[in-house]
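> A structural model of the following input is requested.
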Amino acid sequence: MTYFARDDWTAHPAYEPWWPELDEAYEVLRRRGTRVVAVSEVLHDRLAPTGPSAVVPNGIDHS
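Numbers count the residues shown, from 1 in each chain. You can find the predicted model right below:
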């Protein structure tokens, strides 16, 4: 299984009632060494995966 991380749900005020459960879910991903693909380095670092992982940006590079 691969967790595709496209947003940090614990950063959204609307999801505050679920922050503890979301933090626990992120911890379960780490404990299990679940493969993670994140859309940003910041999100990747927030999740701190312990298994295989990658950052695949989903935005446009305007440079």
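> the chain: strands as residue ranges?
Per DSSP state E, the chain carries strands over the ranges 2-5, 35-38, 53-55.
> most tightly surrounded among these?
strand 35-38 (a mean of 20; mean count of other Cβ atoms under 10 Å). (Glycine included, C-beta is placed from N, CA and C.)
> using PDB, list the CA coordinates for that strand.
What follows is strand 35-38, C-alpha atoms only, in PDB (Å, rounded to 0.1, in the frame of the first residue of the first chain):
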ATOM      1  CA  ARG A  35       5.300   3.700   1.600                       C
ATOM      2  CA  VAL A  36       4.500   7.400   1.300                       C
ATOM      3  CA  VAL A  37       4.400   9.700  -1.600                       C
ATOM      4  CA  ALA A  38       4.000  13.400  -0.700                       C
END
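> show me what that strand is packed against.
Packing partners of strand 35-38 (3 or more Cβ pairs under 8 Å, 6 or more residues apart in numbering; DSSP states H and E): strand 2-5, helix 41-47, strand 53-55.
> for Glu16, which of these is the nearest?
Nearest to Glu16 among those is helix 41-47; the distance by Cβ to Cβ comes to 16.2 Å.
> taking the mean pLDDT, what do you get for the top helix by length along the chain?
When the chain is scanned for its longest helix (criterion: DSSP state H), the result is helix 19-32. Mean per-residue pLDDT for helix 19-32: 97.
> tell me which other helices or strands it touches.
Using 3+ Cβ pairs under 8 Å, 6+ apart, helix 19-32 sits against helix 41-47.
> contacts for the helix it packs on next, please.
Identification of contacts with helix 41-47 by Cβ atoms under 8 Å, 6 or more residues apart in numbering yields 3, 5-8, 10, 26, 29-30, 36, 38, 53, 55.
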